[in-house]
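Participant: One predicted model, sequence on top.
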Amino acid sequence: MLAGIFSDTHDNLTQIARAIEVFRQRQVAVVLHAGDIVSPFAARAIAEIKVPLHIILGNNEGEMDGLRKVLPQLTHGPVEINLQKCLVAMAHDFPQIPQEWRERVDVLVAGHTHQAFVEVREGKLWVNPGETCGWVTGRSTVAVLDTETRTAEIIELPMSKGI
């Protein structure tokens, strides 16, 4: 199974649309969002995803009632998600994932730092999809996780000039 992963979308509707298009092209079966949507109008764009969506709060969320109205599955992290026998722990920031979870899961996912990476640490796959918004680093990225092989890749999205 392929899982699309993004984080730190920070209201950038253009990059949210580009991320969703990459996920559609890659035929992901599920999407994970590791927080920092920010506003209900961005949540509406994310709600357009046509596959199951697991989404958690970040540290920059704005109008909570509006966010929850658009994305009722929005929850505080960390969360554990079972993706066809691949157990994923997701939080907005890696330190939020309890140590006992780190020992039992296969994959750890977090955003927050806006720095994209895929690493194996102590036999576990760690994935930070980076920032989809592109506001901080000048790079807009997402990740795609293959739950069977326990591998992931970072995909850079094109950005419009001036973003």
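Facilitator: Done, it's in. Predicted, not measured: the structure shown is a model, and the values here were computed from it.
Participant: And R121, how far from F94?
Facilitator: Using C-beta to C-beta, to the nearest Å, we find R121 at a distance of 10 Å from F94. The C-beta positions use only the backbone N, C-alpha and C, and glycine is treated the same way.
Participant: An error on my part: the question was meant for A143.
Facilitator: 14 Å.
Participant: between those two, which one's more packed in?
Facilitator: Between A143 and F94, counting by other C-beta atoms under 10 Å, A143 is the more crowded of the two (24 against 18).
Participant: Can you give me the distance of the nearest residue to R104 once chain neighbours are set aside to A143?
Facilitator: Counting by C-beta to C-beta, 6 or more residues apart in numbering, L87 is the residue found nearest to R104 once chain neighbours are left out, at 6.7 Å. With distances taken as C-beta to C-beta, L87 is found 17 Å from A143.
Participant: list the contacts for V31?
Facilitator: A3, G4, I5, F6, F23, I49, V51, P52, L53, H54 (C-beta atoms under 8 Å, 6 or more residues apart in numbering).
Participant: Looking at strand pairing, list the partners for the spatially closest residue to L53 that is not a sequence neighbour.
Facilitator: What sits nearest to L53 in space, not counting adjacent residues and going by C-beta to C-beta, 6+ apart, is V31, at 5.0 Å. Note on V31: beta-bridge partners by DSSP bridges are G4, L53.
Participant: need the helices for the chain, in chain order.
Facilitator: 13-25, 40-46, 64-70, 99-104 (DSSP state H).
Participant: could you redo those as CSV and give each row mean pLDDT and mean neighbour count?
Facilitator: Conversion of the helices of the chain to CSV gives the following (pLDDT from 0 to 100; neighbours: other C-beta atoms under 10 Å):
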stretch, mean pLDDT, mean neighbour count
helix 13-25, 98, 18
helix 40-46, 97, 20
helix 64-70, 95, 15
helix 99-104, 96, 11
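Participant: Identify whichever of those helices lies nearest to I81.
Facilitator: Closest to I81 of these is helix 99-104 (C-beta to C-beta; 11.4 Å).
Participant: So what touches the closest one?
Facilitator: Contacts of helix 99-104 (C-beta under 8 Å, 6+ apart): P78, E80, L87, A89, L108, K124.
Participant: Name the member of these that has the highest neighbour count.
Facilitator: The member of the contacts of helix 99-104 that has the most neighbours, counting by other C-beta under 10 Å, is A89 with 23 neighbours.
Participant: Residue ranges in this structure under the pLDDT threshold?
Facilitator: 161-163 (pLDDT under 70).
Participant: re the thing from before, the residue nearest to R104 reaches V109, doesn't it?
Facilitator: No. L87 lies out of contact with V109 (C-beta atoms under 8 Å); the separation is 11.3 Å.
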